[in-house]
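Engineer: Quick one: sequence plus predicted model below, questions after.
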Amino acid sequence: MALIKEKISELTSSESVISADCIFTGNIVTKGSLKIEGTVDGSISEAKEVFISKTAKITGDISGEKCVIYGNVKGNILASDMVEIMSSASVEGDVTALRIMIEEGANFNGKITMRSKR
């Protein structure tokens with residue numbers, strides 16, 4: 001029975017990928033996870049998780065549950081849970097989240113707003 005549940009969760013969980021050689025212009029709305037390795041010129045919204053790799057360049061706002069950034073973001077980030085800005089990241093914009101972690105060496109230029117648990 002547990003094996004069947006695992007297979008069902010694999011089918012219902014989704015991850016979208018924008019590869020390193022891809023340039024996407026427009027807004028992205030997804031209920032699943034999104035991994036970006038390329039360039040996005042537009043906003044990202046409603047995502048469960050957003051992973052911005054070292055090669056990624058985002059120009060637009062990001063909203064979702066969790067956001068992990070290794071690449072470049074020019075826009076505001078709103079997360080219902082957590083934002084992690086890693087040492088290789090460059091973020092130019094305001095960040096709002098319940099939990100925020102900025103690793104030493106990261107380039108961050110913006111305002112931080114910590115949400116409280118309700």
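Structural biologist: All right, it came through fine. Residues are numbered from 1 along each chain as shown.
Engineer: how far away is the spatially most central residue of the chain from C22?
Structural biologist: By C-alpha atoms, centre = their mean, the chain has its centre lying nearest to V50, at 2.7 Å. V50 sits 16 Å away from C22, going by C-beta to C-beta, to the nearest Å. Just so you know, the C-beta spots here come from the backbone N, C-alpha and C atoms, and that holds for glycine as well.
Engineer: on that earlier part again, next up, the contacts around the residue nearest to the residue nearest to the centre of the chain when sequence neighbours are not counted.
Structural biologist: Leaving aside its sequence neighbours, V50 sits nearest to C67 (C-beta to C-beta, 6 or more residues apart in numbering; 4.6 Å). C67 makes contact with 49-52, 77, 79, 82-84, 97, according to C-beta atoms under 8 Å, 6 or more residues apart in numbering.
Engineer: Filter those residues down to just the buried residues.
Structural biologist: 49-52, 77, 79, 83-84, 97 (16 or more other C-beta atoms under 10 Å).
Engineer: Going by distance to N27, which of those wins?
Structural biologist: Of all the buried ones among the contacts of C67, V50 has the smallest distance to N27: 13.4 Å, by C-beta to C-beta.
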